[in-house]
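Colleague: Sequence plus predicted model, see below.
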Amino acid sequence: MNAFSYVRPTSEAEALRALAEPGAVALAGGTTLVDLMRLDVMRPARVVDLGGLPLDRIDAKTGGISIGALASNTAVADHPEIRARFPVLAEAIDAGASGQIRNMASVGGNLLQRTRCSYFRDLASPCNKRSPGAGCAAFDGYTRMHAVVGGSQNCIAVNPSDMCVALLALDAVVRIKSATGERAIPMSELHVTPDDRPNIETTLKPGELITAVELRDAPFAKRSRYVKVRDRASFAFALASAAVALDIEGTAIKAARVALGGVATKPWREQRVEQALVGKRPTQQTFDAAAKLALADAAPRPDNAFKVALARRVIARALALAGGVS
Amino acid sequence: MQDAPGPCRVVAFVRGWSPDRAGVLELERVRAHLRGLSAELVFESEHGTWLLRPDDEPHPIERLGRTRFRVDDEEDAVFVIEASGAVRFAHCQRTPIAGTLAPALQRATDVMLAQAPLHFTRRAWLTTCVVSGFALVVLSACKQKPSREEPEPAVRAPEAGEVDIVLDVNGQKHPLRIEPRVSLLDALRERLLLTGTKKGCDMGQCGACTVHVAGKRVLSCLTLAVAVQGKPITTIEGVAKMGELHPLQRAFCEHDGMQCGFCTPGQIMSGIAILDEKRATDDDAIREQMSGNICRCGAYPNILAAIKAARGGAS
């Protein structure tokens, strides 16, 4: 690991000043940053430890819940109001990583979790995300875990987060501060596809700090589920996962949210599937037919072609669980 | 046994200390340092004077006397003296060292490793009283003005980027001067010699390094030591109380919850946490909750049995 200067600010203003310095990165739980620093994939000059900031509150109010960016993944998943009002979020977090890592990882850090692409993590392989223009070893390599959608000719690395998939399905809002002001963006506008700049993963600007994630109660939020398929029963990244939410009124689906994980370069919303569900009766046939519309634009590789069929089945299964059909 | 075990002798004046007051673990840690230094230790308190060799029990010996070393009754001190009589390390403090003798010896090792060879005789030292850069040092312990003809001893100055922190491990405060990039795992193992916590993958994938920070189980390999200063840390060395194994430690013995044993400290730290947090509700929940602790010997069925036994109750 490279040597770096370390600061531990005790106020937001101090943290924002420190983060505005060149080469500064924010340290929260460390489960991504320390790991990648030990691999020399990340070599920051300055580490700004956010551990001294009071940003770990989970504030449940009428109409919604605000989650501080430093709330641990465990604290979010265990929170009774989140379990009751946004079950898909608790399920997604519980499906990710291990108990130890969920205790360490923060919500803000999970939002910025970096890919597990083995070529990105291996300094001996060329990687456009690590060094723009270097090339991509995945295209001539083993791509079973890689993205089938949202990739470019420069990068097909998967966004590995489970939590982000649930937040996308829940229309979460991300609150962001910088030395010059603050803004809020919908979850759908946080992550970007790699295109010709795989090193740029989000719309955050240098010096910006995620301070909170806000969830608003919606009729579909309570009836929401997460289904994840992976190579072992626990502590593995998704081959395919789905976060779904259904608003069912009488015998018809009034609104739906469907997002995928494990298959795309960013948390992936499937609006075609959502639209196909609206107005239909919540039956297994409805769910199967709608799920087939997912990943219509997929560009799989021979190693990961199975993910297309798998993701569609995962969606159908999650919809069945949410719709109370199974 | 008659032969001197090494080229160094460590002399420690530690008020209140005696072998039966020291914990077994502290003695073991002190022995580990003595092996590292190729040294034997003479320690003296108001209760007596003992000789401790790395692979032996402490033996009472004749009193040395503090005055010979210019250590007064209100301070503790540690000296490392070479066979030639040269003092390689000297440290005095008013705060008691008892209970932190092992870290004090670690500090001695660090300082000596950082020093150029010293041309410093014991006689010269006796008239000058060298004080090291140990974090707890109390400068008033240095009573006489240095008036040495020999070169200045190279006391290790903090290097660029080093920081002084205090780690609160198993109820003991340990002052450390470290680089911010040092993991909690390396600080525990390499600096505090708490080697019960294991380094398996060093990348957050095996769970062997699991410890509790502020009551929560975390991976010490992905934790920077500097980031957890001041927080209570519990390692596997801290779970037995008053010489009594933790119920889960006993259950691991009774149910043979290990083969090679390398993952066991992490398994137990994780298991204690899920029992305390009431997450071990049924077999599937235990398997799921323990998934961050890999056992390459495959002792999983026995680990599960041990956790269920320690939990008690049905299912």
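Modeller: Now that the structure is in, tell me what you want to look at.

Colleague: any idea which element the residue of the stretch 101-250 of chain B found nearest chain A lies in?
Modeller: Nearest residue of the stretch 101-250 of chain B to chain A, counting by Cβ to the nearest Cβ: B:P180, 3.6 Å away. All C-beta atoms are positioned from the backbone trio N, CA, C, and that covers glycine. Secondary structure from DSSP states H and E places B:P180 outside every helix and strand.

Colleague: From A:L190, how far off is it?
Modeller: Note on B:P180: its distance to A:L190, by Cβ to Cβ, to the nearest Å, is 29 Å.

Colleague: So what touches stretch A:125-132?
Modeller: A:41, A:115, A:117-120, A:123, A:134-137, A:141, A:154-155, A:157, A:194, A:197-199, A:201 (Cβ atoms under 8 Å, 6 or more residues apart in numbering or on different chains).

Colleague: Identify each buried residue in that stretch, please.
Modeller: A:S125, A:P126, A:C127, A:N128, A:K129, A:R130 (16 or more other Cβ atoms under 10 Å in any protein chain shown).

Colleague: how long is that stretch from one end to the other?
Modeller: In stretch A:125-132, first residue to last residue: 13 Å (Cα to Cα, to the nearest Å).

Colleague: May I have the residues that are in contact with the spatially most central residue of chain B?
Modeller: Against the mean C-alpha coordinate of chain B, by Cα atoms, centre = their mean, the closest residue is B:L192 at 3.3 Å. Taking Cβ under 8 Å, 6+ apart, we find B:L192 in contact with B:R29, B:A102, B:P103, B:Q106, B:L167, B:V169, B:H174, B:L176.

Colleague: Which strands and helices lie in contact with the host helix or strand of the last one?
Modeller: It refers to B:L176. Per DSSP H and E: B:L176 is located in strand B:172-178. Where contact means 3 or more Cβ pairs under 8 Å, 6 or more residues apart in numbering or on different chains; DSSP states H and E, strand B:172-178 is packed against helix B:101-114, strand B:163-169.

Colleague: That strand vs strand B:163-169, what angle?
Modeller: 150 degrees (axes from the mean of the first three to the mean of the last three Cα atoms, to 10 degrees).

Colleague: pLDDT score for the closest residue to chain A within the stretch 151-300 of chain B?
Modeller: Closest residue of the stretch 151-300 of chain B to chain A, Cβ to the nearest Cβ: B:G292 (2.4 Å). We note a pLDDT of 98 for B:G292 in this prediction.

Colleague: now B:P146
Modeller: So, for B:P146, pLDDT stands at 38.

Colleague: Next: A:C117.
Modeller: 98.

Colleague: residues touching the closest residue to it other than its chain neighbours, list them.
Modeller: Spatial nearest neighbour of A:C117, excluding adjacent residues (Cβ to Cβ, 6 or more residues apart in numbering or on different chains): A:A157 at 3.7 Å. For A:A157, the contact set (Cβ under 8 Å, 6+ apart) comprises A:T115, A:C117, A:Y119, A:F120, A:K129, A:A138, A:H146, A:A147, A:P194, A:P198, A:T265.

Colleague: A:A157 and B:P58: what is the separation?
Modeller: Noted for A:A157: a distance of 59 Å to B:P58, by Cβ to Cβ.

Colleague: With A:F306 instead?
Modeller: 66 Å.

Colleague: So the two - more neighbours on which side?
Modeller: Neighbours were counted for A:F306 and for B:P58 using other Cβ atoms under 10 Å in any protein chain shown; B:P58 has more, 20 against 14.

Colleague: what does the model give the more buried one for pLDDT?
Modeller: 86.

Colleague: How about B:V218: which residues does it bridge to?
Modeller: Counting by DSSP bridges, B:V218 forms beta bridges with B:V211.

Colleague: State the number of residues packed around the closest residue to chain B within the stretch 151-300 of chain A.
Modeller: Using Cβ to the nearest Cβ, the closest approach of the stretch 151-300 of chain A to chain B is made by A:S234 at 3.5 Å. A:S234: 19 surrounding residues under other Cβ under 10 Å.

Colleague: quick one: it is in a strand?
Modeller: No - under DSSP: H, G, I helix; E, B strand; the rest coil, A:S234 sits outside any strand and is assigned coil.

Colleague: my guess is it meets B:I286, correct?
Modeller: No - A:S234 lies out of contact with B:I286 (Cβ atoms under 8 Å); the separation is 11.2 Å.

Colleague: Next to chain A, which bits of chain B? Give me the list.
Modeller: Chain B comes close to chain A at residues B:161, B:163, B:179-181, B:183, B:202-204, B:207, B:210, B:216-219, B:221-224, B:226-227, B:270, B:273-274, B:279, B:287-293, as judged by Cβ under 8 Å from any Cβ of the partner chain.

Colleague: Go again with 7 Å.
Modeller: By Cβ under 7 Å from any Cβ of the partner chain, the part of chain B that sits against chain A consists of B:161, B:163, B:179-181, B:202-204, B:207, B:210, B:216-219, B:222-224, B:226-227, B:270, B:274, B:288-289, B:291-292.

Colleague: OK, now which residue of chain A is nearest to chain B?
Modeller: Relative to chain B, the nearest point of chain A is A:S98 (2.4 Å; Cβ to the nearest Cβ).

Colleague: what's the burial count for the nearest residue to that residue once chain neighbours are set aside?
Modeller: Among residues not flanking A:S98 along the chain, B:G292 sits closest, at 2.4 Å (Cβ to Cβ, 6+ apart). B:G292: 24 surrounding residues under other Cβ under 10 Å.

Colleague: Would you mind measuring from B:G292 to A:D35?
Modeller: Between B:G292 and A:D35 the distance is 14 Å, computed by Cβ to Cβ.

Colleague: re the thing from before, looking at the contacts of A:A157, which has the most residues close by?
Modeller: Scoring the contacts of A:A157 on neighbours with other Cβ under 10 Å, the highest-scoring entry is A:A147 at 30 neighbours.

Colleague: contact partners of the top helix by length along chain A?
Modeller: Taking DSSP state H as the criterion, chain A has its longest helix at helix A:306-323. Outside helix A:306-323, the residues within contact range by Cβ atoms under 7 Å, 6 or more residues apart in numbering or on different chains are A:148, A:223-227, A:229, A:239-242, A:244-246, A:248, A:258, A:260, A:263, A:273, A:282, A:284, A:287-288, A:291-292, A:294-295, A:298, A:300, A:326.

Colleague: same thing with stretch B:44-54?
Modeller: B:5, B:13-19, B:30-31, B:34-35, B:40-43, B:58-64.

Colleague: Going through the residues you listed, which ones are buried?
Modeller: For the contacts of stretch B:44-54, buried by 16+ other Cβ under 10 Å: B:5, B:13-14, B:17-19, B:30-31, B:34, B:40-43, B:58.

Colleague: all strands for chain B, in order.
Modeller: Taking DSSP state E to define them, one finds strands in chain B at B:8-13, B:39-45, B:48-52, B:59-60, B:76-82, B:87-93, B:163-169, B:172-178, B:210-213, B:216-219, B:232-234.

Colleague: ok and the first one relative to strand B:87-93, angle-wise?
Modeller: Relative orientation of strand B:8-13 with respect to strand B:87-93: 20 degrees, computed using the same axes, to 10 degrees.

Colleague: Can I get strand B:8-13 as CSV, trimmed to CA atoms?
Modeller: Once non-C-alpha atoms are left out, strand B:8-13 reads as follows in CSV (Å, rounded to 0.1, in the frame of the first residue of the first chain):
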residue,chain,number,x,y,z
CYS,B,8,21.1,-8.8,25.7
ARG,B,9,19.7,-8.4,29.1
VAL,B,10,16.6,-6.4,29.7
VAL,B,11,16.2,-4.8,33.1
ALA,B,12,12.8,-3.5,34.1
PHE,B,13,11.8,-1.7,37.3
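
Colleague: now that strand against strand B:76-82, angle please.
Modeller: Going by the same axes, to 10 degrees, strand B:8-13 makes 160 degrees with strand B:76-82.
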